[in-house]
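Student: sequence plus the predicted model coming up.
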Amino acid sequence: MTISTIVLATGLMLILIGVWGMLTHRDILRIIIGFSLMGTGSHIVIIAIGYVANGTAPIIDAGLSLADASSRSVDPIPSALAVTAIVIGFAVTSVMLAYAIRLYEAKKTLSIDAFMDSKW
Amino acid sequence: MRRGAIVLVVGLLGIIFATIVFNYSERALLPSLAEAYVGLVPRELGAPNVITGILLTYRAFDTLGEVAVLFMVAASIGLLLGARDAERGEAPENDKAEATPSTEIVQNGADMLVPLIAIFAAYIVMHGHLGPGGGFQGGAVMASCILLLVLAKPEFRVKLARLSAIESLAGLLIVLVGIAGIVLAGGFLDNRILPLGEFGAFFSAGAIPILSVLLGAKVGCELSVIIERFRA
């Protein structure tokens, strides 16, 4: 059991918890929380698959010389992707919360059972 | 019936994830693209932090698009929640009168913490090319400062017009730096329009610190606008 396997399993577990939460709850805020959990889990998965055995952060300083950077650092691309994913996750969550506020003002409830009339 | 379907879906997803975990083996070597980046960023761009080099030069176009997404989100939240304030008309004034002032401990705590958080945000933005940090992270810390003020002081108002002006100016300057890259260096958003300087020094890595500051200002303003819009 290597460290990145444990991190990968944790991230996938969080995704499962998020999907479970989104499917079982009827409250819009809880669905948004489930979505955020799923997003956080996928960030952890992205970081986990970028790990290289015995690697360190890809920052050249006293602890990591330029010569052995390619043998001792982790993959920088998943980390750069995770930054992007976090920002987009924040953007999506804030738009969802804004819609939740508007929906609450329309029906004075946050249960999705109240929003059936827009079905075609 | 419903519950059964949910258990089935989550169970099947769990089986897929379990096979991923059991067949996963930790990498022993960097993939060739990552190896190229780890070698190229310090040598070509003069930035010790490889991730910042990728985000602000090699894939800076993606970062620009991401900032555009954030701008779009700030605009759409303005559309969704801004109309609400207009409908209520006088409501913000009433809110101000009704809002219970927070206790002295919270207000003094906020007074003490806000400058420290602002300094920390500036540090994170300015050291993005040397260590962990950068424009996005520092901008988010800056917005947490605004969030603290909004929570601790009900009378505190974010000046939306001023923030929008700073944000637009920063966005314009980012694009101008990018175009300068086409004229003076290898391509759009190339950081070598300025001398690279000494490796690891504070003023080094060409245009990366400048882009970090602009990005930090833009992200901080956008997040502050979003926070202000969510105020009840």
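Tutor: Looks like it arrived, so ask away.
Student: when you work out contacts or count neighbours from here on, use the C-alpha atoms and nothing else.
Tutor: Fine.
Student: return the residues in contact with the residue lying closest to residue B:62 once chain neighbours are set aside.
Tutor: Nearest residue to residue B:62, sequence neighbours excluded (C-alpha to C-alpha, 6 or more residues apart in numbering or on different chains): residue B:55, at 7.8 Å. If a contact means C-alpha atoms under 8 Å, 6 or more residues apart in numbering or on different chains, then residue B:55 has A:80, B:62, B:63 as its contacts.
Student: now, which of those residues lie within helices?
Tutor: Secondary structure assignment by DSSP state H places A:80, B:62, B:63 of those in helices.
Student: just send the contacts of residue B:55 back as TSV, with neighbour count and distance to residue B:191 too.
Tutor: As requested, the contacts of residue B:55 are arranged in TSV below (neighbours: other C-alpha atoms under 10 Å in any protein chain shown; distance: C-alpha to C-alpha, whole Å):
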residue	neighbour count	distance to residue B:191
A:80	20	17
B:62	15	15
B:63	20	14
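Student: any idea which of those residues is the one closest to residue A:91?
Tutor: residue B:63 (14.3 Å; C-alpha to C-alpha).
Student: so that closest one sits against residue B:56, correct?
Tutor: Yes. In terms of C-alpha atoms under 8 Å, residue B:63 counts as a neighbour of residue B:56; the distance is 7.0 Å.
Student: quick check on residue A:61: phi, psi?
Tutor: Per-residue torsions, residue A:61: phi -150, psi -160 (degrees, to the nearest 10).
Student: tell me how many other residues surround residue B:43.
Tutor: 13 (other C-alpha atoms under 10 Å in any protein chain shown).
Student: quick one: the helices in chain A?
Tutor: Using DSSP H, helices in chain A cover A:3-24, A:28-49, A:69-72, A:76-107.
Student: who in chain A is up against chain B?
Tutor: Remark: the part of chain A in contact with chain B comprises A:2, A:4-5, A:8-9, A:12, A:16, A:19-20, A:23-24, A:49, A:51-53, A:58-61, A:66, A:69-71, A:73-77, A:79-80, A:84, A:87-88, A:91-92, A:94-95, A:98-99, A:102, using C-alpha under 8 Å from any C-alpha of the partner chain.
Student: what do you get if the cut-off is 7 Å, keeping everything else the same?
Tutor: Contacts of chain A with chain B, taken as C-alpha under 7 Å from any C-alpha of the partner chain, map to A:4-5, A:8-9, A:12, A:16, A:20, A:23, A:51-53, A:58-61, A:69-71, A:75-77, A:79-80, A:91, A:95, A:98.
Student: any of those residues buried? List them.
Tutor: A:4-5, A:8-9, A:12, A:16, A:20, A:23, A:51-53, A:58-60, A:69-71, A:75-77, A:79-80, A:91, A:95, A:98 (16 or more other C-alpha atoms under 10 Å in any protein chain shown).
Student: picking up where we left off before, comparing the helices of chain A, which yields the minimum mean pLDDT?
Tutor: When these are compared by mean pLDDT, helix A:69-72 comes last with a mean of 76.
Student: okay, buried residues for stretch B:177-192 please.
Tutor: B:177, B:178, B:179, B:180, B:181, B:185, B:187, B:188, B:189, B:190, B:191, B:192.
Student: can you tell me the closest non-neighbouring residue to the fourth one?
Tutor: Here the nearest residue to residue B:180 in space, its sequence neighbours aside, is residue B:193; by C-alpha to C-alpha, 6+ apart that works out to 7.0 Å.
Student: is it true that that neighbour touches residue B:206?
Tutor: Yes. The pair residue B:193 and residue B:206 passes the contact test of C-alpha atoms under 7 Å, sitting 6.4 Å apart.
Student: chain neighbours aside, what residue packs nearest to the residue nearest to the spatial centre of chain B?
Tutor: For chain B, residue B:136 is the residue whose C-alpha lies nearest the centre (C-alpha atoms, centre = their mean; 2.6 Å). Distances taken as C-alpha to C-alpha, 6+ apart put residue B:216 closest to residue B:136, at 5.8 Å, once the chain neighbours are dropped.
Student: number of residues surrounding residue B:45?
Tutor: Neighbour tally, residue B:45, other C-alpha under 10 Å: 24.
Student: kindly report the same for residue A:48.
Tutor: 22.
Student: show me what contacts it?
Tutor: A:4, A:7, A:8 (C-alpha atoms under 7 Å, 6 or more residues apart in numbering or on different chains).
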